[in-house]
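Engineer: sequence and predicted model, in that order:
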Amino acid sequence: MLLLSVQSIFAQAPKKIIVENADYSDVNQELMPDALLLTGNVKVNHDGVVLTCNKAYFFQKENYLKAFGNVQLVQGDTLYLNSKYAEYNGNLKKAFATGDAVMTSPDATLQTDTINFDRNVQQVFYNSKGTIINKDNTLVSKSGRYYVTEKKFQFLTEVTLTNPKYVVKSNHLDYYSNSGHTYLFGPSTITSKANYIYTEKGFYDTKKNLAHFLRRSYIKYDDRLIEGDSLYYNRNTEFASATRNVKITDSINRGVVKGHYAEVYKLKDSMFVTKRAVAINFVENDSVYIHGKKLMVTGKEGERILRAYNNVRFFKVDMSGKCDSIHSNSKTALTKLIGNPILWNGESQITGDVMHLIGDNNTKKIDSLKVLNNTFMVSRDTLGTGFNQVKGLNLFGKFKDGKLHDVDVIKNTEVLYYMRNDAQELIGINKNVSSKINLILENNAVETISFFNKVDGDIYPEADLPENARKLRGLVWRGDERIRSKDDIFTAEENEMNDKLIKEGKDEQAKENVPMKVRKETLDYDKKKPATKASTKTNTKAKK
């Protein structure tokens, strides 16, 4: 046991600094007590590190060296440290370099006033303004640390990374010089001509221009803001995808699109949104909510087209509806309700084979409604159990202050209407046919009805018109389907999914923010692409 202990002590004893060359050596106790003075082409070696300089004081007992003029410390092919002055402690295996200090690794160069190198943990650190330059980026910070083995720079105060295409600013940034991979932690920004990005936890591949942002992140363009719990971004193609609690705001067109998954193709002026997707457009001091399983928005500002697919529902105060899909063109101000359309305006239910809502690009208001083929307009009698019904081939309506006001129904028109006096007493049931009917609505209720050409019918006392004659052929009342609020546009399953994802997002935000886990592609970068060996550096000239 004693022998093993002695062997262990000797095995851990510090290695001595070896002087391999000096043009002249001397001892001068008055000038430098207990030191060996080395001058001219000085070269020493210590445990794999080679140090060269113009002049050195070597304290053999302390295993310590002070080096002057054109100092260069070399560790294999992984690190070169140049300065005007340096100190090296062989017992502690630590170096200190100052005076135009420059550290060069295979992938980057650090320039600063003072550099410390701890060989035990293979770390370089500095506490004065430093500049790191490599092929792709320039980084400037007040302090930093370089992990030699990982080829990682870590900055914890005011770091700026400058790339030809963007500028990154953060107070906590890890930069891997070989791969160009950057990890951001805490409030961080990425600014470019194309956009502005904010994140509090993110990854950025500066070589491939690919990114992943995780906490309180957003991408802001001139006309669009993209938010989500998780954002992926490709700067080369200006493609972004967002997952969970996604919100895309169009500042120019006053619109918002929400969902839990989105893809945005900036160069194509298009976006795709799904998972409880909803488009919210602000019209006439009101909001129009459009929901479909899939939403697509394409085209430049002023020429945007909104498409909604599969079980589309929409809601606006005083108006709502359903159809299979929607196609809305901002340039023509035309919105097509496609496939089994139904519209509720006030208390009226309107159906037909083809339905178009037409806007006015000047006033930015809904202007008119067009319903073609098999038009049916129905509302409940306000006090009874019957239905007021208007039937015809086509319907053309005009809006006033956002409400349907003037309606023409033409060709083969039929009417069944419960007529009441000012006291709301039923005075008869008007049932007739004509070639055209005009309705004037006030506050979403019929104010007057006018009949034109070939009018045939009469006003019947209630007792004279049997129940089976009080419904026009084709009447289908769908009041139970009516969408009465913006929440009604979603299914129960969609709301359940939404609640779950919102909770997941809140739970994630409530957790302590910790740095992102380093990716396998970062750790394995040199396995796929061997590191380039640094070329031999010429000693920096400096005065003694």
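Structural biologist: Done, it's in.
Engineer: the nearest residue to residue 148 once chain neighbours are set aside - how many residues pack around it?
Structural biologist: Nearest in space to residue 148, with sequence neighbours left out and distances taken as CB to CB, 6 or more residues apart in numbering, is residue 122 at 4.1 Å. Every C-beta, even on glycine, is put in place using the N, C-alpha and C of the backbone. By the criterion of other CB atoms under 10 Å, residue 122 has 15 neighbours.
Engineer: hang on, residue 122 packs against residue 147?
Structural biologist: Yes: judged on CB atoms under 8 Å, residue 122 makes contact with residue 147 at a distance of 6.8 Å.
Engineer: list the buried residues in the helix ranked longest in the chain.
Structural biologist: As assigned by DSSP state H, the longest helix anywhere in the chain is helix 492-510. Neighbour counts over helix 492-510 (16 or more other CB atoms under 10 Å) mark 494, 498, 501, 505 as buried.
Engineer: and the residues you listed as a markdown table, adding distance to residue 260 and pLDDT?
Structural biologist: Supplementary listing: the buried residues of helix 492-510 in a markdown table, determined by distance: CB to CB, whole Å; pLDDT from 0 to 100:
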| residue | distance to residue 260 | pLDDT |
| --- | --- | --- |
| 494 | 10 | 93 |
| 498 | 7 | 94 |
| 501 | 5 | 94 |
| 505 | 9 | 93 |
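Engineer: between those residues, which is closest to residue 292?
Structural biologist: Nearest to residue 292 among the buried residues of helix 492-510: residue 494, at 11.0 Å, using CB to CB.
Engineer: picking up where we left off before, can I get the buried residues of helix 492-510 in CSV with distance to residue 102?
Structural biologist: Shown next, in CSV, are these (distance: CB to CB, whole Å):
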residue, distance to residue 102
494, 60
498, 56
501, 51
505, 46
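Engineer: for these, which one is nearest residue 361?
Structural biologist: For the buried residues of helix 492-510, the minimum distance to residue 361 (CB to CB) is 32.6 Å, reached by residue 494.
Engineer: give me every residue that touches the closest one.
Structural biologist: Residues near residue 494 by CB atoms under 8 Å, 6 or more residues apart in numbering: residue 276.
Engineer: do you know how far it is from residue 80?
Structural biologist: Relative to residue 80, residue 494 is positioned 60 Å away (CB to CB, to the nearest Å).
Engineer: contact partners for the residue nearest to residue 148?
Structural biologist: 147, 148, 149.
Engineer: residue 277 against residue 296, yeah?
Structural biologist: No: Residue 277 is beyond contact range of residue 296, at 9.6 Å (criterion: CB under 8 Å).
Engineer: the two: who's more crowded?
Structural biologist: Between residue 277 and residue 296, counting by other CB under 10 Å, residue 277 is the more crowded of the two (25 against 19).
Engineer: could you find the closest non-adjacent residue to that one?
Structural biologist: Nearest residue to residue 277, sequence neighbours excluded (CB to CB, 6+ apart): residue 259, at 3.8 Å.
Engineer: repeat for residue 249
Structural biologist: Spatially, and ignoring its direct neighbours in sequence, residue 249 is nearest to residue 225 (4.3 Å; CB to CB, 6+ apart).
Engineer: helix or strand right after the helix or strand harbouring that neighbour?
Structural biologist: For residue 225, the host element (DSSP states H and E) is strand 224-228. The helix or strand immediately downstream of strand 224-228 is strand 230-234, counting by DSSP H and E.
Engineer: for this protein, name the helix or strand with the lowest mean pLDDT.
Structural biologist: The helix or strand of the chain with the poorest confidence is helix 2-12; it has a mean of 47 (mean pLDDT, DSSP states H and E).
Engineer: what's downstream of that helix, the next helix or strand?
Structural biologist: strand 18-21.
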